[in-house]
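Asker: model this:
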Amino acid sequence: MDFLVTMTTNVPAGTPKATVEEVRARETARSLELEAGGHLLRLWRPPLQPGEWRTLGLFASDDADHLEESLASMPLRIWRTDEVTPLLSHPNDPGPAADPTPEGWAEYLTTFTTVIPSGTPAQDVTDAEAREAARAHDMAEQGHLVRLWKLGGTVALGLWRAGSADEMQQILRSLPLSAWMKVEATPLSEHPNDPARRSR
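Answerer: Predicted coordinates:
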């Protein structure tokens with residue numbers, strides 16, 4: 001099972017710089033071990049305010065208890081709080097196999113909340129969902145859609161790639177369900193411990 005973990009680190013004031021660097025070095029080593037064990041899949045930096053230290057991580061684990069064991073084993077946990085979001089399978093997910101991000105492209109996380117207007121004919125919904133599945137397949141084939149999960153109910157989470165923010169918005173507007181969806185897109189930047197950096 002996959003989990004999205006928002007990791008927020010607050011180093012206590014007065015902590016020696018050498019101590020911070022030593023903990024970060026051990027964090028890098030532990031990240032490599034978790035990657036080798038198939039538990040750490042991806043790491044990203046979301047948009048940050050000055051002085052903010054926050055990371056998004058994609059983890060795989062049998063269940064929440066085993067995930068907690070992995071998170072607790074990471075050295076930065078002494079200064080860190082973790083917010084865990086379980087990710088459920090989505091019928092339009094292209095699967096974990098993906099090529100490296102093309103040069104010059106960026107990654108984005110999108111949260112989709114679908115609200116179908118009251119009174120919409122059931123056949124219209126079925127047709128739109130079929131077109132959405134076909135469009136997701138096309139976007140995966142073109143390298144834009146990387147992963148897709150359910151968060152529960154009518155909310156979904158997507159991992160995308162695009163050459164620019166404008167292109168990402170064009171892709172989102174092209175989705176057949178876009179008229180019924182509220183979309184939040186978060187640009188992601190590289191994390192030094194991201195396993196994808198080593199797969200290039």
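Asker: for stretch 189-200, give the mean pLDDT please.
Answerer: Mean per-residue pLDDT for stretch 189-200: 82.
Asker: quick one: contacts of that stretch?
Answerer: If you take CB atoms under 8 Å, 6 or more residues apart in numbering as the criterion, stretch 189-200 is touched by 27-28, 31-32, 35, 40-46, 55, 100-101, 106. From N, CA and C alone the C-beta is placed, and that goes for glycine too.
Asker: if you set the cut-off to 7 Å instead, what comes out?
Answerer: With contacts defined as CB atoms under 7 Å, 6 or more residues apart in numbering, stretch 189-200 is touched by 28, 31, 35, 40-45, 55, 100.
Asker: got those residues as TSV, with secondary structure columns?
Answerer: Converted to TSV, the contacts of stretch 189-200 look like this (DSSP: H, G, I helix; E, B strand; the rest coil):
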residue	secondary structure
Thr28	helix
Ser31	helix
Glu35	helix
Leu40	strand
Leu41	strand
Arg42	strand
Leu43	strand
Trp44	strand
Arg45	strand
Thr55	strand
Pro100	coil
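Asker: turn the residues you listed into JSON lines, including pLDDT, neighbour count and distance to Gln169.
Answerer: What follows is these, written out as JSON lines (pLDDT from 0 to 100; neighbours: other CB atoms under 10 Å; distance: CB to CB, whole Å):
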{"residue": "Thr28", "pLDDT": "96", "neighbour count": "13", "distance to Gln169": "35"}
{"residue": "Ser31", "pLDDT": "96", "neighbour count": "22", "distance to Gln169": "32"}
{"residue": "Glu35", "pLDDT": "96", "neighbour count": "18", "distance to Gln169": "32"}
{"residue": "Leu40", "pLDDT": "97", "neighbour count": "24", "distance to Gln169": "30"}
{"residue": "Leu41", "pLDDT": "96", "neighbour count": "18", "distance to Gln169": "26"}
{"residue": "Arg42", "pLDDT": "95", "neighbour count": "21", "distance to Gln169": "23"}
{"residue": "Leu43", "pLDDT": "97", "neighbour count": "23", "distance to Gln169": "25"}
{"residue": "Trp44", "pLDDT": "97", "neighbour count": "21", "distance to Gln169": "19"}
{"residue": "Arg45", "pLDDT": "95", "neighbour count": "17", "distance to Gln169": "21"}
{"residue": "Thr55", "pLDDT": "96", "neighbour count": "20", "distance to Gln169": "25"}
{"residue": "Pro100", "pLDDT": "82", "neighbour count": "12", "distance to Gln169": "23"}
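Asker: where along this protein do the helices fall?
Answerer: Under the criterion DSSP state H, helices of the chain are mapped to 17-36, 64-72, 122-141, 165-173, 195-198.
Asker: and the ones you listed, which one averages the lowest pLDDT?
Answerer: helix 195-198 (a mean of 80).
Asker: hey, what's the residue lying closest to Gly95 once chain neighbours are set aside bridged with?
Answerer: Nearest residue to Gly95 in three dimensions, chain neighbours excluded: Arg147, at 7.9 Å (CB to CB, 6 or more residues apart in numbering). For Arg147, the beta-bridge partners are Leu159 (DSSP bridges).
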